[in-house]
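K.L.:
Just a sequence and a predicted model for now, questions to come.
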Amino acid sequence: MRPPIEPGSVWFCAFDPVRGHEQGKDRPALVVSSAFHLHLTGGALVSVLPLTSVERPGWLHRVPVAAGDGWVITEQVRTLAAQRFRRPAPEITLSRDELAEVQRVFAKMLLLPAGTQPPARR
């Protein structure tokens with residue numbers, strides 16, 4: 001039985017087919033869906049940020065990950081069907097500081113301050 005997909009975990013996902021400059025292939029990806037989003041979609045749709053082993057000097061929006069010897073690609077958020085998740089990647093675990101940096105940079109990519117909560121529904 002497959003373990004549950006959880007926020008902040010890293011999984012190998014199938015990104016193909018792709019269009020344009022999207023990341024492809026089977027590659028690790030950081031789950032950025034919140035527990036709320038996962039519950040809302042019944043776990044069927046999961047937002048992720050792909051990881052890469054290719055360094056791009058000067059790209060301040062790429063967050064280094066020591067355990068994976070790579071970088072989180074914060075500019076390529078993608079929502080995948082859970083069927084694209086191949087296996088968990090416990091060998092690539094982000095530290096608290098790395099995850100906080102991803103959240104900080106990703107919030108900037110979305111024009112949201114880190115820790116912003118959606119407005120309450122009326």
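P.N.:
Everything's here; your move. Numbering: from 1, shown residues only.
K.L.:
Can you report how many residues lie near Val46?
P.N.:
The number of residues packed near Val46 is 25, by other C-beta atoms under 10 Å. Placement of C-beta: from N, CA and C, glycine included.
K.L.:
swap in Gln83?
P.N.:
Every residue meeting other C-beta under 10 Å relative to Gln83 is counted, giving 9.
K.L.:
what are the phi and psi values for it?
P.N.:
phi -60, psi -20 (degrees, to the nearest 10).
K.L.:
counting contacts, what elements does the longest helix seen in the chain pack onto?
P.N.:
Longest helix in the chain, counting residues (DSSP state H): helix 96-109. Taking 3 or more C-beta pairs under 8 Å, 6 or more residues apart in numbering; DSSP states H and E as contact, the helices and strands that helix 96-109 lies on are strand 62-65.
K.L.:
and the next element down the chain from the strand it packs on?
P.N.:
The helix or strand immediately downstream of strand 62-65 is strand 70-73, counting by DSSP states H and E.
K.L.:
Which strands border that next one, and is each parallel or antiparallel?
P.N.:
Strand 70-73 has these partner strands in its sheet, going by DSSP bridges: strand 45-52 (antiparallel), strand 62-65 (antiparallel).
K.L.:
List of residues touching the first one?
P.N.:
By C-beta atoms under 8 Å, 6 or more residues apart in numbering, the residues outside strand 45-52 that reach it are 5, 10-11, 13, 15, 23, 27-33, 37-38, 62, 65, 68, 70-74, 76-82, 85, 92, 102, 106.
K.L.:
Show me which parts of it are buried, residue by residue.
P.N.:
Neighbour-count burial for strand 45-52 flags 46-52 (criterion: 16 or more other C-beta atoms under 10 Å).
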